[in-house]
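# below is the sequence, then the predicted model.
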Amino acid sequence: MAEQFGDSANNVIIEEANKGLNPGMIVLLVVATFLLLFFVGNYALYLYAQKTLPPKKKKPVSKKKLKREKLKQGVSAPGE
């Protein structure tokens, strides 16, 4: 499916029709596919972890903070 054009010096220029995908498009598709798989996999792992892992434990409150809270409420701390 080559087309021929004649220019002013009667030289014949043959243009080939581009067949298939160009390399840039292939690289773009591969990178986009890997990114999509990465995000879908991370989301699936996140959902799995939410179902199977126990809830996160709260940090223990320090004795200093307990004492301060009790003083704010007007209750004397034990041992004082």
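Ah, there it is. Values in this document were obtained by computation on a predicted structure and should not be read as measured data.
# from here on, contacts and neighbour counts on C-alpha atoms
Fine.
# any idea which helix or strand of this structure has the worst average confidence?
strand 3-6 (a mean of 58; mean pLDDT, DSSP states H and E).
# in the protein, spot the helix with the most residues.
helix 23-52 (DSSP state H).
# the following helix or strand past that one: which residues count as buried?
Next along the chain after helix 23-52, taking DSSP states H and E as the criterion, comes helix 63-73. Buried residues in helix 63-73, counted by 16 or more other C-alpha atoms under 10 Å: none are found.
# restricting to C-alpha, output helix 63-73 in CSV.
Provided in CSV are the C-alpha atoms of helix 63-73 (Å, rounded to 0.1, in the frame of the first residue of the first chain):
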residue,chain,number,x,y,z
LYS,A,63,1.1,8.1,84.6
LYS,A,64,2.0,11.8,84.3
LYS,A,65,-0.9,12.4,81.9
LEU,A,66,-3.3,10.4,84.1
LYS,A,67,-2.3,12.5,87.1
ARG,A,68,-2.8,15.7,85.2
GLU,A,69,-6.3,14.6,83.9
LYS,A,70,-7.4,13.6,87.5
LEU,A,71,-6.2,17.0,88.8
LYS,A,72,-8.2,18.7,86.1
GLN,A,73,-11.3,16.8,87.2
